[in-house]
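> Provide a 3D model corresponding to the input given below.
(one chain, ligands or ions: 3)
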Amino acid sequence: MAVRSPLINVMTGAAIKAARALRRDFGEVEQLQVSLKGPSDYVSTADTRAEQTLVAELTRARPRFGVLAEESEPRPGIDIHHRWVIDPLDGTTNFLHGMPHFAISIALERDGEIVAGVVYAPLVDEMFWAEKGQGAWLNSRRLRVSARRDLADAVFATGIPWKGRPGHKPFLAQLESVMAEVAGVRRWGVASLDLAYVAAGRFDGFWEANLKPWDMAAGLILVQEAGGLVSDLDGRQGMLESGDVLAANQHLHQPLHRLLRVAAPKPA
Ligand code: IPD
Ligand code: CA
Ligand code: CA
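Ligands and ions are numbered 1, 2, ... in the order given. Okay, here's the model as predicted:
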């Protein structure tokens, strides 16, 4: 049975509160879509407002913890062991274009290790949550990664670098090698939800380079607690530092890793 600890209740409560305004703002953005000025200023206000709500709620419950959030300067806490890692709106491009696929992501780091994570998709009311040793859950349903063993049956998610971002060439090589072997590749534009979907067995794996800690922190513990494997693209555990992530079920992590490394070996 899903028993949410006080910590998880604090995190999910903050996400639900911030989501109310995001949902309203998304409705406005859909209207603004057709105007010449476009909704981008509006979206950055929505983003900042969601972050303020999250930080206020989390700090009210745990005043001594530090905060690393996307839209503001890092705040060291009096408690040097604990830090919130927050993305108030993951999937900004989708939000801006009126596409209903985005999330709020909150993780708690203890002495550098992620010990709890929440990824909330407000428009479908899907609350993914995990706490170290307590499993991964979607609302009140326990999550398991998929059981698929063969690359030929696998659907993987990824992130495509865009204008101004590094890594176009290696990404194209990776995609070429992966797409030749698998049932499908998706780019849905929300790294936190991509990882949550791996935890839920919807995707069999996910890889992306050059992410920020807030894009992946909550998703990483979701995958681990759902029985999946996570690493960086070198197969090591430096995901938050390198910004690279490779997550998959236990059968497909190694085959996916191999395809990616052969396609784009790290420069010596
Ligand atoms: C982005 C999303 C996207 C990923 C980008 C991130 P944002 O976050 O997670 O899926 O490909 O690298 O920056 O900007 O929407 O919070
Ligand atoms: Ca993000
Ligand atoms: Ca964001």
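> how about the residues of the stretch 151-268 of the chain near ligand 1?
Counting by CB under 6 Å from any ligand atom, the stretch 151-268 of the chain comes close to ligand 1 at 159, 189-191, 208, 211, 215. (Each C-beta comes from the backbone N, C-alpha and C, glycine too.)
> Sorry, slip of the keys, the one I care about is the stretch 1-150 of the chain.
Looking at ligand 1, the residues of the stretch 1-150 of the chain close enough under CB under 6 Å from any ligand atom are 87, 90-92.
> Okay, and which of those map to helices?
Among these, the residues falling in helices (DSSP state H) are T92.
> Pull out the buried residues from the residues of the stretch 1-150 of the chain next to ligand 1.
Buried residues within those, counting neighbours by 16 or more other CB atoms under 10 Å: 87, 90-92.
> from those residues, which are also near ligand 3?
D87 (CB under 5 Å from the ion).
> a markdown table for the buried ones among the residues of the stretch 1-150 of the chain next to ligand 1, including pLDDT?
Formatted as a markdown table, those follow (pLDDT from 0 to 100):
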| residue | pLDDT |
| --- | --- |
| D87 | 98 |
| D90 | 97 |
| G91 | 96 |
| T92 | 94 |
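> E131 and T12, how far apart?
To T12, E131 is 11 Å away according to CB to CB, to the nearest Å.
> All the helices of the protein, in order from the start?
Counting by DSSP H, the helices of the chain are 6-32, 40-61, 92-96, 168-179, 191-199, 213-225, 239-242, 253-263.
> Quick one: closest of these to ligand 2.
helix 213-225 (4.1 Å; CB to the ion).
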